[in-house]
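pasted the sequence and its predicted model underneath.
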Amino acid sequence: MKGVQKPEYAREKAVIPSLDYVKTALTAADHILALEIVMMVGCGLRNGEARAVNVNNVVADDV
């Protein structure tokens, strides 16, 4: 292990958009993007997770 450098990991600060920013984004977005934004904000989904949501992968009737 001599000479092996330890990897550097600098975590970037997470930025949470304000409610005003989200409302502005919703007015500018088309209906598909607006639905993704609502899923991300309302359910805490990441962008890839929000895009993957569909009626075929619902796991419970009450969710």
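Done, it's in. Just so you know, these numbers come straight off a predicted model, no measurement behind them.

which SS class is R11?
The three-state assignment at R11 reads coil, by DSSP: H, G, I helix; E, B strand; the rest coil.

distance check, it against I37.
Spatial separation of R11 from I37 under the definition Cβ to Cβ, to the nearest Å is 25 Å. C-betas here are computed from N, CA, C, even on glycine.

the more surrounded of those two?
Counted by other Cβ atoms under 10 Å, R11 and I37 do not tie: I37 has more neighbours, with 18 against 5.

for that one, what are phi and psi?
Listed backbone geometry of I37 is phi -60, psi -40, with angles given as degrees, to the nearest 10.

hmm, it is touching V22, no?
Yes - using Cβ atoms under 8 Å, I37 is in contact with V22, at 6.7 Å.

let me know the pLDDT of the most centrally placed residue in the chain.
Nearest to the mean C-alpha position of the chain, counting by Cα atoms, centre = their mean, stands R46 at 2.2 Å. If you check R46, the pLDDT there is 88.

please apply the same query to Y21.
The predicted local confidence for Y21 is 95.

look up how far D30 lies from it.
Computed as Cβ to Cβ, the Y21 to D30 distance reads 18 Å.

okay, those two: which has more neighbours?
It is Y21, of Y21 and D30, that has more neighbours when counted by other Cβ under 10 Å, with 11 against 7.

and that one, how far is that from A28?
11 Å.

cool, and N47?
When Cβ to Cβ is applied, the distance between N47 and A28 equals 16 Å.

what do you get for A14?
Counting by Cβ to Cβ, the gap from A14 to A28 is 23 Å.

more crowded one of these two?
Just comparing A14 and A28: by other Cβ under 10 Å the higher neighbour count belongs to A28, 9 against 5.

now do the contacts for the more buried one.
For A28, the set of contacting residues under the criterion of Cβ atoms under 8 Å, 6 or more residues apart in numbering is empty.

before we move on, what about the one 10 residues further on?
Applying Cβ under 8 Å, 6+ apart, one finds that V38 lies in contact with L26.

now do it, the pLDDT please.
Listed pLDDT for V38 reads 91.

helix/strand/coil for it?
V38, by the three-state scheme (three-state DSSP), is helix.
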